[in-house]
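S.K.: Quick one: sequence plus predicted model below, questions after.
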Amino acid sequence: AQKVTQAQTEISVVEKEDVTLDCVYETRDTTYYLFWYKQPPSGELVFLIRRNSFDEQNEISGRYSWNFQKSTSSFNFTITASQVVDSAVYFCALSEPARDDKIIFGKGTRLHILP
Amino acid sequence: NAGVTQTPKFQVLKTGQSMTLQCAQDMNHEYMSWYRQDPGMGLRLIHYSVGAGITDQGEVPNGYNVSRSTTEDFPLRLLSAAPSQTSVYFCASSYAGDEKLFFGSGTQLSVL
């Protein structure tokens, strides 16, 4: 069955430090999709990235970068030069479209950026 | 565009009462889903739908019913509310089950 593990429940770093949020997934399918979402203190859920299982290239978007490694079933998220506005809960999610249409989320990592 | 609209934003129920959480989207999305968010538990899938007339169970379906009579609407029904259903509920939609989700603003439900 599909499963997403975010082992880091809560992380605190000082502003301008780099921080990596870990995501480990389990799947029996060769075709799957991975996602990251952000939930700021205001509560809304914001999409950050979608990656399919056939694209292992790392992606960079400004201060955000994602490292997808099929060998370790990981899809980690790094924030470079963190800012207070990055404080949020971050969720990793997995979809297995060939099996069913469920999108399953991890338990999330709460990130505190300290000024 | 309004996107995904959830109502109400807040609701307090007594144990045993019933209610319906409304969810509507105006993006012509085929896929819609309901999640509940509890502290330390992340987002857990309750029910989902891949199109009008089709629904399926997620991870935590017990105590909840859904229907999908139109593409736009996906209501979530609590037939007999229990304190364990106290949670924040999010409705979401997308073009397909492997596409990014658009979330509503959430409903904070308390069952006393």
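M.R.: That came through fine.
S.K.: How many neighbouring residues does A:Ser74 have?
M.R.: Other residues within reach of A:Ser74 by the criterion other CB atoms under 10 Å in any protein chain shown amount to 16. C-betas here are computed from N, CA, C, even on glycine.
S.K.: ignore the last one, A:Ile60
M.R.: A:Ile60 is flanked by 10 other residues according to other CB under 10 Å.
S.K.: Strands along the chain, start to end?
M.R.: Just so you know, I chose chain A. For chain A, the strands defined by DSSP state E occupy A:3-5, A:10-14, A:19-21, A:24-26, A:33-39, A:46-52, A:59-61, A:64-69, A:74-79, A:88-95, A:103-105, A:109-114.
S.K.: um, chain B though
M.R.: B:4-7, B:10-13, B:19-25, B:31-38, B:42-51, B:54-57, B:64-66, B:76-78, B:87-94, B:102-103, B:107-111.
S.K.: Contact partners for residue 98?
M.R.: Using chain A. A:Asp29, A:Thr31 (CB atoms under 8 Å, 6 or more residues apart in numbering or on different chains).
S.K.: actually chain B
M.R.: Counting by CB under 8 Å, 6+ apart, B:Asp98 touches A:Tyr33, A:Asn52, A:Ser95, A:Pro97, A:Asp101.
S.K.: switch to 10 Å and redo it
M.R.: The neighbours of B:Asp98, taking CB atoms under 10 Å, 6 or more residues apart in numbering or on different chains as the test, are A:31-33, A:35, A:50, A:52, A:95-98, A:101, A:103, B:31.
S.K.: Name the nearest residue to it, sequence neighbours excluded.
M.R.: A:Pro97 (4.1 Å; CB to CB, 6 or more residues apart in numbering or on different chains).
S.K.: Hmm, B:Val111 and B:Gly16 touching each other?
M.R.: Yes - the pair B:Gly16 / B:Val111 is scored as a contact, 9.2 Å apart, by CB atoms under 10 Å.
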